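Q: Sequence and predicted structure below; questions after.
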Amino acid sequence: MRALRDIKKDKGINQALDRSCGGFSTKVHILTEGLGYPVDFVLTRGQAHDAPQAQGLLTSVAFDQIIADKAYDDIKIRELVVKKGAKCIIPSKSNRINKFDHDQHVYKERHLIECCIGKL
């Protein structure tokens, strides 16, 4: 057990891998173009929140609309999308008091993003 005691946790290393209740996990936040081809991505620890990562990805490119899941339902993301003159297709979280409308037919195209992640 001495070896375990001597291991020091280095908190200064910037890694996208961390331990949670289920073990080691990593999240992929990916920005794709209309046909599902990756444009940019960010890797984060498994318990990192989704919304701050999206803000960094969205500032670097021009787009007409954004399709994302409920995890990205954040007022800052919505304001950024509107400021760029684009359409925001993100369903509202269940705990949101004032729900936003989204086009469900266009939202079905989100499967292209999931397929892109599956191919990685």
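A: Structure received.
Q: Okay, and the closest residue to Tyr37 other than its chain neighbours sits in which element?
A: Counting by CB to CB, 6 or more residues apart in numbering, Tyr37 lies nearest to Cys116, which is 7.2 Å off, once chain neighbours are set aside. Where you see a C-beta, it was placed from the backbone N, CA and C, and this is true even at glycine. Per DSSP states H and E, Cys116 falls inside helix 111-119.
Q: Who are the contact partners of Gly36?
A: With contact set as CB atoms under 8 Å, 6 or more residues apart in numbering, Gly36 has these partners: Leu112, Ile113, Cys115, Cys116.
Q: Ile30 versus the closest residue to it other than its chain neighbours, what's the distance?
A: Distance criterion CB to CB, 6+ apart; nearest residue to Gly36, sequence neighbours excluded, is Leu112 at 3.3 Å. Look at Leu112 and Ile30: by CB to CB, to the nearest Å, they are 11 Å apart.
Q: Equivalent analysis for Phe63, please.
A: Phe63 is 14 Å from Ile30, where distance means CB to CB.
Q: okay, those two: which has more neighbours?
A: Using other CB atoms under 10 Å, the more surrounded residue of Phe63 and Ile30 is Ile30, with 19 against 15.
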